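Kindly generate the corresponding structure for this input.
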Amino acid sequence: GVTVYFHAILSKDFKLNPNIHKVFIRAQDIPPYTNWEDNICELNCTRHLGEHGYLIEGAVTLTKEILDQYIPYKYWVTSGKGDYEFIYKKPESCHPVNRCLMIKRSLLNNGEWHQYDDIVCAHPSWIKAQTRKVWETIIGDKNKEVVEGKKIAASVMLESIFSILGTWSRDNLRNFFCQLRQFHSVAVAQLVFDGKPKPWVELNFSAQQVHDLLIKYMKKISRPFFVPEAPPEDRVIKSKLALGLTVLVVVEELSLPAPKGDLAELCSLLCLDQVSQQDVENEIHHIKQAFAEVANLKVELTNLCRRCIEGDVNEWVWILPLLHSFAAPLQQEHELVEEDVWAGLEGLPFTDTRRKRDAATLLERMREKKYLMEFDVTLVKSWLCVLPLQSLAEFIKDFSSDLLVTLQGVSYRLENVDFSWSTCKAVEKLLNTVLCALDEPPARALGARSWQCCLSCCLSLHERLCKAVKNVDFFLIPATTATLIAKVAQLRPPAVPGNAVQDVPVAELLSGALRDARTWFRNALKQKLLKEYLEHVTFSVHCELRAWNKFVTISFPDKQFTQTWRSTLLADLKRRIQQEPPVNQILVYCCQHSQIAQVDSSISWCFQNCAIEAVTAACQMQSNLLEMISTYNMGQFSQLVSAVIVKSWPIRGGQSEGDFDQVLHHLLTWPDIKHIFSFNGTNRNLLDKLTDEAKDVMAIADSVLTSVTDDIHKGYILVKHLEEVFQHKKQFICIWDTSEFSFRAPPAAGSLEELLELRHEEVTLLRREKKAIGTFLSMCRKVQKSVKVDVGEVEFQHLEDLGSKRLNQVVSVGKKPLQTFYSLRPELKEFVHKIHSFKDSVVFQQFWEEAAQKAGEEYVCDSPEEEEEEEEEEEEEDLDLDDVLSSVICPCFDNYAMLYDDLRSGSLTLSAVDRIFCEFTNHPKDLRAELNTICGLWPEEDRDWVDQRVQQIQQYHEMHLTFDAAKIIAHVKESLGLSGDFSILENLLHITEKLESYKTQKLDSISPELVQAKKLLQGITVPRRGCLRELAQQKEFVCWVREALKDINELKVFVDLASISAGENDMDVDRVACFHGTVHGYSSLLYELRQDSGFEDFMRCLQKLWRALDSDEALPEKLVS
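Here you go, the predicted model:
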């Protein structure tokens, strides 16, 4: 059968006397009992509840036939006449409202069922006399009291149920949950039997109210554990952990709501107390045994953690040790596993907590229960994995002492991290904290296997971060991981013979770290090393130098690998520097020297070596390297300065050191030479720091400057050297002023600039005379067919190389007036200079040749006839220089001066214009230049007349073209029979015919009227004249066309008929087309001019003819054909 335990509260309204009265259960449909007559179960008063009445309980064994059946029943009280309890629910049927018993087979516990009822109410004696309306009012008022009664009863029942756990055992725990489930089933259902089973919906008392009562009661029994002063006897369940797990299972099993505050309190209950390790283990062991048949605590705890994470309840991290106690321990700490497995967080969305903004609160919760780490070795891993990244550094500093765990945790945490600016800063801080932790004494000595795992972890972390960090600004991240590798490598335990792990060379393990570091530099440094400005350069990335320094200065326990590490990175840096232009390689070493000096000396040497090596190429691109360096403290760059001096010097080892010309040219053209001499003068402090080779170069420069300066003073200097000094006079004076020579100059020497000015006058005169004599000799050679001149000595002197002569050999140094060594009389020398002035004059060249020809003719006439045969056998006697002066030079200049006078006065004849200026036809610019050259005879006189003469000569040259066009127009006028006004044309013909007839007329005869008339016809070019000429010559054809075809319309009709007549004969078709094109092209003259048309009408029609000619250049040829 089924043992049914009834639990209820009997209302005090029954006025029950427990010693006299009794309470029974009567029911319907429970075999073998008679419906509503037999007492099925007697209940006893087990506890007096004061104003609420009595707790009554009883048990009876019934047949299993009633399982899962709805049984109506009521409580029968024998006080007085005896009466049933009264249920304050208005009946919906004709039957009384009864309680409803529903025993669920699924909830039975060893064949037992506990029916937890509420308050059993007495029947009011006057209720039968009331009307239905009064009944409804009474029922409506009583619903609230009924609900309150149910709450009171439920609290009493819960107290009874939870009291089972006062003695902790597996059986009691099982019975507790069975009875709680039965209570929950009855309380939530709220069934009554009103003809049939029905829920009592009017009460509005359902699962929510039951859950609230249950939660309220569990809070009540939990409170003593949160109040330190609460006495132990107040604790219904003596173990806090047992209570917490019981509450957890109740909450999970019954799906009770759990606000944020309730979850935090539940986590506090489940948090292990700070007692001995053994006590904790014992308690957990007993709890595990008790709950073994009740619930899967691992699942329940995991669900609780999930709810806390979702509800942002940080206290869930306290229950992880308890959770871990229900999980299988990690078998191998050195093996690679998933992060959640490693951290003991399987099934938890723990990554959500990393994104919490309130990181400090979570860390504070951990600090509150730091002792929990003593109970659970996995807890530190869990906490490492749940904290936000910003809190990890502080956590590791305060909590983590196991190196392998720390490195593994950091490695897990830095997987797939989005490296924003704030994240990178947090990672830097985190890695630095780990680095500092390595300097502290380890919690335990590292075994070979653990050490290898630590090193492997660091290498993996380094590789990952080198790939992830793209910005050079965060160079500390990969640099710190590399330092971690070096630090961990130093912790290698002493070698144990036969240990295969320790037999692997460290350098072999570390080579990957070097490869990853180089890869990081290549990927992060996408920009060029330097950024160029007007006069200096800076690093494109401000922190790049610090990045190289951080990496290069890392030291490894293997000294050989440390050397490899540094030399490889420095080689990469060197290649990066050398990718810059040579000048920039030098500039960066100087401009950024203050920064470079602050980093490791090997990096400084790298920049210095690159700068020195770049000097050779830089010298080809920039000649003022020392000037660029001088902006900074050159004393810091003595090696670089030495390299610039040596590499810039034109004389190399193995070459002639006596190449004076090359050295002097270098001194005068090298912009930096002033700095060289400043080392001997105002900047002597740097001199001692230079290399020996640079000092040798400076000695050569000193010697050359000394020699040149002395030779200038004495006049012994070679002309070519002096000319080069003049060419670079400013630099020469600058060198002089900078060097110590200016202080050693002889007192009588005077100012160097005054002396150079004197020497310049001497050389200028020498060169000017050489050029003039060269022109004179060239002029003599041009006329040697007419007359031969004896210029032997002068030509020999002219051919001499003046540059290789010393100044005192070719000029009277220091004497006035200045004289050169050329053998010419003063008068002849004066004319030679004048000839040089007019050497570019075409007219002068013409006059020179005419004078020479005339002189030659006169020389032949003066020779006796009897000596002709002897002269043919012997060489003709050459004219000496005096004869040339009198017979050629003077006549030439006389004619040239006469031409100047005639041009200036305008009296030059037209025949002379034809003879002298024929080569300037159509070249007005050259003509003007020629006239200005002629004016050089008397440069002080005005030249206002030049433009007028140019225009007159140009108009005269063009006059024959105008005359030709005018004559052709006259012929066309005659052919067309025009009788209009052509007086302008007639006047033009008259003027031009007159000029052509009288060549003796002067230039002034070219009047403005003539010029204006000529302008009218100046557009008639040669092709246009040809076009008109053909029309004039075809007079018969013109007359026929004008007579046969009266206008252009008749031309069109004629062409159409001719085309029809031609048919398909190609030749005839071509003839018709040629005829049509010709007549149409000349139509403006043939049809648009009337007989009385004049010159203006004719010129207007010509414009149409020119357009036709531009469209068809073969128009004149068609007229002929």
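
pull the CA atoms of stretch 516-532 into CSV?
The C-alpha trace of stretch 516-532 is given here as CSV (Å, rounded to 0.1, in the frame of the first residue of the first chain):
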residue,chain,number,x,y,z
ASP,A,516,60.5,36.5,-34.9
ALA,A,517,62.2,39.7,-33.7
ARG,A,518,63.6,40.4,-37.2
THR,A,519,60.2,39.6,-38.7
TRP,A,520,58.5,42.1,-36.3
PHE,A,521,60.9,44.9,-37.3
ARG,A,522,60.3,44.2,-41.0
ASN,A,523,56.5,44.3,-40.6
ALA,A,524,56.3,47.2,-38.1
LEU,A,525,58.8,49.5,-39.9
LYS,A,526,56.9,50.1,-43.1
GLN,A,527,57.9,53.7,-43.3
LYS,A,528,61.4,54.9,-44.3
LEU,A,529,63.8,55.4,-41.5
LEU,A,530,64.0,59.2,-41.9
LYS,A,531,61.7,62.1,-42.6
GLU,A,532,63.4,65.0,-44.6
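
buried set for that stretch?
516, 517, 518, 520, 521, 524, 525, 529, 530 (16 or more other CB atoms under 10 Å). C-beta here means a position set from N, CA and C on the backbone, and glycine is covered the same way.

Closest to residue 344 out of these?
Of all the buried residues of stretch 516-532, residue 516 has the smallest distance to residue 344: 31.0 Å, by CB to CB.

re earlier: just give me the closest of the buried residues of stretch 516-532 to residue 76.
Out of the buried residues of stretch 516-532, the member with the shortest distance to residue 76 (by CB to CB) is residue 516, at 88.8 Å.

And the furthest pair within the buried residues of stretch 516-532?
Top of the distance list for the buried residues of stretch 516-532 (CB to CB): 516 and 530, 26.0 Å.

Can you add distance to residue 693, secondary structure and pLDDT and give the buried residues of stretch 516-532 back as JSON lines?
Below are the buried residues of stretch 516-532 laid out as JSON lines (distance: CB to CB, whole Å; DSSP: H, G, I helix; E, B strand; the rest coil; pLDDT from 0 to 100):
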{"residue": "516", "distance to residue 693": "43", "secondary structure": "helix", "pLDDT": "96"}
{"residue": "517", "distance to residue 693": "38", "secondary structure": "helix", "pLDDT": "96"}
{"residue": "518", "distance to residue 693": "36", "secondary structure": "helix", "pLDDT": "96"}
{"residue": "520", "distance to residue 693": "41", "secondary structure": "helix", "pLDDT": "96"}
{"residue": "521", "distance to residue 693": "36", "secondary structure": "helix", "pLDDT": "96"}
{"residue": "524", "distance to residue 693": "40", "secondary structure": "helix", "pLDDT": "93"}
{"residue": "525", "distance to residue 693": "36", "secondary structure": "coil", "pLDDT": "93"}
{"residue": "529", "distance to residue 693": "30", "secondary structure": "coil", "pLDDT": "94"}
{"residue": "530", "distance to residue 693": "29", "secondary structure": "strand", "pLDDT": "94"}
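
Throw the residues you listed into a markdown table and include distance to residue 2, thanks.
Below are the buried residues of stretch 516-532 laid out as a markdown table (distance: CB to CB, whole Å):
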| residue | distance to residue 2 |
| --- | --- |
| 516 | 75 |
| 517 | 79 |
| 518 | 82 |
| 520 | 77 |
| 521 | 82 |
| 524 | 79 |
| 525 | 84 |
| 529 | 92 |
| 530 | 95 |
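
Break the protein into its domains for me.
1-205, 416-524, 528-581+592-615, 623-750, 758-867+876-902, 906-1020, 1021-1121 (automatic domain parsing).

First-to-last residue distance for the fifth one?
Taking CA to CA, to the nearest Å, the span from the opening residue of domain 758-867+876-902 to its closing residue is 43 Å.

Averaged pLDDT, that domain. What do you get?
Average pLDDT, domain 758-867+876-902: 85.

Tell me how far that domain lies from the chain's centre.
Relative to its chain's centre, domain 758-867+876-902 lies at 72 Å (CA atoms, centre = their mean, to the nearest Å).

Then the last one?
Relative to its parent chain, domain 1021-1121 has a centroid offset of 74 Å by CA atoms, centre = their mean.

give me every residue that touches the residue lying closest to residue 471 once chain neighbours are set aside.
Of all residues beyond its chain neighbours, the one nearest residue 471 is residue 524 (6.7 Å), with distances taken as CB to CB, 6 or more residues apart in numbering. Residues near residue 524 by CB atoms under 8 Å, 6 or more residues apart in numbering: 469, 470, 471, 472, 475.

likewise residue 836?
771, 772, 775, 776.

what comes up buried for stretch 390-410?
390-396, 399-410.

Can I get the domains of the chain in CSV including distance to residue 374?
Formatted as CSV, those follow (distance: least, CB to CB, whole Å):
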stretch, distance to residue 374
domain 1-205, 25
domain 416-524, 13
domain 528-581+592-615, 34
domain 623-750, 60
domain 758-867+876-902, 100
domain 906-1020, 109
domain 1021-1121, 112
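
re the thing from before, just the buried ones from the contacts of residue 524, in PyMOL syntax?
To isolate the buried members of these in PyMOL, using 16+ other CB under 10 Å:
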select buried, resi 469+472+475
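
so which two of the contacts of residue 524 are the farthest from each other?
470 and 475 (11.2 Å).

out of the domains of the chain, which comes closest to residue 325?
Nearest to residue 325, of these and by CB to CB, is domain 1-205 at 17.8 Å.

wait, isn't residue 878 in contact with residue 789?
Yes. Between residue 878 and residue 789 there is a contact at 5.9 Å, judged by CB atoms under 8 Å.

Which one's more surrounded, these two?
residue 789 (23 against 15; other CB atoms under 10 Å).

residue contacts, the closest residue to that one other than its chain neighbours?
For residue 789, ignoring the flanking residues on the chain, the nearest one in space by CB to CB, 6+ apart is residue 780 at 4.5 Å. Residue 780 makes contact with 789, 791, 884 under the criterion CB under 8 Å, 6+ apart.

what's the spacing between the first one and residue 795?
Right, the one you point to is residue 789. Per CB to CB, to the nearest Å, residue 789 is found 10 Å from residue 795.

element containing the residue nearest to residue 714 when sequence neighbours are not counted, please.
Spatial nearest neighbour of residue 714, chain neighbours left out: residue 808 (7.8 Å); criterion: CB to CB, 6+ apart. Following DSSP states H and E, one finds residue 808 within helix 807-810.

contact partners of that helix?
714-719, 722, 759, 762-763, 766, 802, 813, 820-821.

Who are the packing partners of the host helix or strand of residue 912?
In the assignment (DSSP H and E), residue 912 maps to helix 910-916. Judged by 3 or more CB pairs under 8 Å, 6 or more residues apart in numbering; DSSP states H and E, helix 910-916 is in contact with helix 946-976.

in the helix it packs on, what's buried?
946, 949-959, 961-970, 972-973, 975-976.

Which strands or helices does that helix pack on?
Against helix 946-976 (3+ CB pairs under 8 Å, 6+ apart) you get helix 910-916, helix 924-934, helix 983-997, helix 1008-1017, helix 1022-1033, helix 1035-1044, helix 1083-1087.

sorry, back to before: check the contacts of residue 780 against residue 890 and report the nearest one.
Closest to residue 890, out of all of the contacts of residue 780 and judged by CB to CB, is residue 884, at 9.5 Å.

Hmm, that closest one is touching residue 784, no?
No. Between residue 884 and residue 784 there is no contact under CB under 8 Å: 11.8 Å.

out of these two, which sits in the more crowded spot?
A direct count of neighbours by other CB under 10 Å for residue 884 and residue 784 places residue 884 higher, at 25 against 12.

residue contacts, that one?
Residue 884 touches 780, 787, 789, counting by CB under 8 Å, 6+ apart.

Kindly recompute the last result at 7 Å.
By CB atoms under 7 Å, 6 or more residues apart in numbering, the residues touching residue 884 are residue 789.

same thing with residue 399?
Here residue 399 is in contact with 370, 373, 380, 383 (CB under 7 Å, 6+ apart).

can you check residue 837 too?
By CB under 7 Å, 6+ apart, the neighbours of residue 837 are residue 936.
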